[in-house]
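Novice: Sharing a model that was predicted from the sequence below.
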Amino acid sequence: MPFKIITKDAHSGARAGILKTDHGDIQTPIFMPVGTLGTVKATQQRELEKDIKAQIILGNTYHLYLRPGMDIMQKAGGLHKFINWNRPILTDSGGYQVYSLSKQRKITEEGVIFSSHIDGSRHFFTPESIMNTERQIGADIMMAFDECPPYPCDYKYAKNSMDLTHRWLKRCIVEFDSREPLYGYRQILAPIVQGSIYEDLRKSSAEFVSEQNRELNAIGGLSVGEPHEMMYKMTDLVCSILPIDKPRYLMGVGTPENILESIALGIDMFDCVMPTRNARHGLLYTENGIINIKNAKWKDDFNPVDDSLDCYLSNNHSKAYLNHLFRSKEILGLQIASVHNLSFYLFLVKEARKHIVEGDFSVWKEEMIKKITLRI
């Protein structure tokens with residue numbers, strides 16, 4: 001999976017690149033909408049392609065394993081065919097879900113025993129089984145199985161967790177390299193840097209991950225409750241160690257401001273549930289600030305939410321109409337808001353890329369952050 005850096009920013013770590021997959025090229029920096037169960041919430045695939053202009057989306061191994069299950073997935077010919085999506089897909093390995101199910105799982109050297117959140121049934125994930133499950137799903141980019149330590153955690157826990165993640169990574173690599181893809185296109189395995197907020201652990205993990213020489217590297221265990229400045233500090237440290245010529249994926253991040261600051265540190269790829277989750281609560285992101293569309297002040301505003309976006313669904317409905325839909329609890333309101341927020345996130349990374357290429361990214365970033373963090 002060749003990755004080519006087109007331009008680097010002269011005043012920061014930001015870079016514009018192209019990541020090639022068998023399902024299409026991805027222009028970086030990029031935001032990836034989260035489609036946990038094979039659907040990005042409240043959006044259709046046509047909207048993802050035409051309005052939002054998503055270049056890649058996520059699926060989640062834990063959730064897809066539980067339902068619809070791998071028998072259905074293989075009969076369908078993989079997730080691309082199952083959901084009728086012909087662009088790239090990345091799958092999370094389920095490590096974060098293991099982290100979030102702390103009362104329903106037991107971590108051992110061999111893997112993780114857990115109870116399904118659906119029916120309480122018992123299951124066992126190992127690095128090897130996860131590789132085979134992600135193969136069956138058919139993701140273009142498969143994440144390695146890791147443990148995401150909680151925040152806060154003490155140094156001993158963070159180190160033991162990191163060491164376990166490294167041992168699991170070696171097992172993932174052996175299993176991944178021993179098998180061929182199921183559906184006739186190339187897949188890659190991406191390792192994950194861990195280490196919580198401890199600099200020496202993050203350094204050690206970044207060095208270990210770099211040594212594995214995979215085509216893409218990820219940074220996990222951040223945006224789990226730590227202060228933003230700590231997240232940036234750890235990201236900056238890891239980016240100074242990870243290979244320059246490989247794409248870097250910061251998992252689970254974040255707000256529009258987080259994304260711009262992290263692009264400046266050298267991150268190429270992002271994902272987060274925030275744009276759709278906040279949309280369902282009426283919180284909308286725009287180039288001029290953040291709107292709570294449920295507020296009464298919008299009930300007679302007949303202008304689009306943000307007409308700077310090239311988004312048919314958002315641009316053709318007014319704030320007043322969206323306010324009415326939310327106050328009436330109409331499902332269409334959730335759909336329009338979700339498409340709008342995802343369109344904004346994709347607009348933001350596209351603009352970032354443009355300004356990296358034009359050479360004024362750092363100046364543009366500072367001005368943009370001032371605007372998009374305002375509450376209107």
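Specialist: Now that the structure is in, tell me what you want to look at.

Novice: The stretch 151-300 of the chain: helices as residue ranges?
Specialist: For the stretch 151-300 of the chain, helices defined by DSSP state H, counting those that start in this stretch occupy the ranges 155-177, 199-211, 228-239, 256-265, 274-279.

Novice: right, and residue 138 touches residue 183 too?
Specialist: Yes. Here residue 138 reaches residue 183: they are 4.9 Å apart, a contact under CB atoms under 8 Å. Every residue, glycine included, has its C-beta placed from N, CA and C.

Novice: contacting residues for residue 369?
Specialist: Residues in contact with residue 369, defined by CB atoms under 8 Å, 6 or more residues apart in numbering, are 257, 260, 261.

Novice: try 10 Å
Specialist: 256, 257, 260, 261 (CB atoms under 10 Å, 6 or more residues apart in numbering).

Novice: Look up which helix or strand the nearest residue to residue 164 once chain neighbours are set aside falls in, please.
Specialist: Distances taken as CB to CB, 6 or more residues apart in numbering place residue 147 nearest to residue 164, at 5.7 Å, with adjacent residues excluded. Following DSSP states H and E, there is no helix or strand that holds residue 147.

Novice: try residue 42
Specialist: Counting by DSSP H and E, residue 42 is part of no helix or strand.

Novice: what's the answer for residue 356, then?
Specialist: helix 331-358.

Novice: Now that helix: average pLDDT?
Specialist: Computed over helix 331-358, the mean pLDDT rounds to 97.

Novice: Taking helix 256-265 as reference, get the angle to the helix or strand following that helix.
Specialist: Proceeding N to C from helix 331-358, the next assigned helix or strand is helix 361-372, under DSSP H and E. Helix 361-372 and helix 256-265 are oriented at 170 degrees to each other (axes from the mean of the first three to the mean of the last three CA atoms, to 10 degrees).

Novice: Buried by neighbour count: which residues of helix 361-372 qualify?
Specialist: For helix 361-372, the neighbour count (16 or more other CB atoms under 10 Å) marks 361, 364, 365, 368, 372 as buried.

Novice: ok now that helix, how far from the chain's centre?
Specialist: 22 Å (CA atoms, centre = their mean, to the nearest Å).

Novice: Mind telling me what element the spatially closest residue to residue 123 that is not a sequence neighbour is part of?
Specialist: Excluding the flanking residues, the one nearest residue 123 by CB to CB, 6+ apart is residue 114, at 5.8 Å. Taking DSSP H and E as the criterion, residue 114 maps to strand 112-115.

Novice: Which neighbouring elements make contact with that strand?
Specialist: helix 95-100, strand 105-107, strand 122-125 (3 or more CB pairs under 10 Å, 6 or more residues apart in numbering; DSSP states H and E).

Novice: May I see those arranged in TSV, with distance to residue 320, mean pLDDT and mean neighbour count as well?
Specialist: Listed next are the helices and strands packed on strand 112-115 as TSV, based on distance: least, CB to CB, whole Å; pLDDT from 0 to 100; neighbours: other CB atoms under 10 Å:
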stretch	distance to residue 320	mean pLDDT	mean neighbour count
helix 95-100	38	72	21
strand 105-107	47	89	14
strand 122-125	48	94	15
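
Novice: export these to JSON lines and tack on distance to residue 321?
Specialist: Below are the helices and strands packed on strand 112-115 laid out as JSON lines (distance: least, CB to CB, whole Å):
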{"stretch": "helix 95-100", "distance to residue 321": "36"}
{"stretch": "strand 105-107", "distance to residue 321": "45"}
{"stretch": "strand 122-125", "distance to residue 321": "45"}
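
Novice: Tell me which of these approaches residue 303 most closely.
Specialist: helix 95-100 (38.7 Å; CB to CB).

Novice: Domains in this structure, by residue range?
Specialist: 3-278, 279-372 (automatic domain parsing).

Novice: give the contact list for the closest residue to residue 364 other than its chain neighbours.
Specialist: With sequence-adjacent residues excluded and distances taken as CB to CB, 6+ apart, residue 364 is closest to residue 355, at 4.2 Å. Counting by CB under 10 Å, 6+ apart, residue 355 touches 9, 14, 16, 263, 361, 362, 363, 364, 365, 368.
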